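Undergrad: Below: sequence and its predicted model.
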Amino acid sequence: MYLVNNNIFNIINDGMKKEPTETELRHETSKWLERLEKEIKYVKSTGKLDKKQFSQLMENIHAYISDCRYFSKKGDLVRAFEAVIYAWGMYETCLHAGIIEKQKLKN
């Protein structure tokens with residue numbers, strides 16, 4: 001057994017990691033898609049981008065989310081996972097670079 005990012009994979013006799021199963025791909029894709037959809041609801045611009053640039057950024061993130069759903073429905077699990085991880089990467093990079101921030105919720 002081999003642990004990667006809290007996921008357990010079997011080790012093949014030659015020492016190579018076994019590819020994730022279809023079930024694991026579906027689970028990871030759904031997990032990251034759900035997490036991103038929750039996070040993206042509360043995003044706002046920090047002002048480092050003008051309105052058009054911010055709009056284009058968010059449009060691109062949403063396009064990758066849409067691609068993820070499309071590929072999932074088609075059964076193309078690798079591309080679905082790639083799309084959601086790419087969208088997550090854009091989101092997280094912009095968050096850490098101070099381009100976007102999470103809105104504070106009022107209690």
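TA: Received the coordinates, thanks.

Undergrad: got any ranges where this structure has weak pLDDT?
TA: Residues of the chain meeting the criterion pLDDT under 70: 1-20, 105-107.

Undergrad: what sits up against the longest helix along it?
TA: What stands out as the longest helix in the chain, according to DSSP state H, is helix 51-74. With contact meaning Cβ atoms under 8 Å, 6 or more residues apart in numbering, helix 51-74 is reached by 26, 29, 33, 36-37, 40, 43, 45, 49, 77, 79-81, 83-84, 86-87, 90-91, 94, 99-100. In this view, the C-beta of every residue, glycine as well, is placed from N, C-alpha and C.

Undergrad: Only the buried members of these: can you turn that into a ChimeraX selection?
TA: To isolate the buried ones among the contacts of helix 51-74 in ChimeraX, judged by 16 or more other Cβ atoms under 10 Å, type:
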select :26,29,33,36,40,43,45,49,77,79,80,81,83,84,86,87,90,91,94,99,100
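
Undergrad: Among the contacts of helix 51-74, which ones are in strands?
TA: Counted as lying in strands by DSSP state E, out of the contacts of helix 51-74, are 43, 45, 100.
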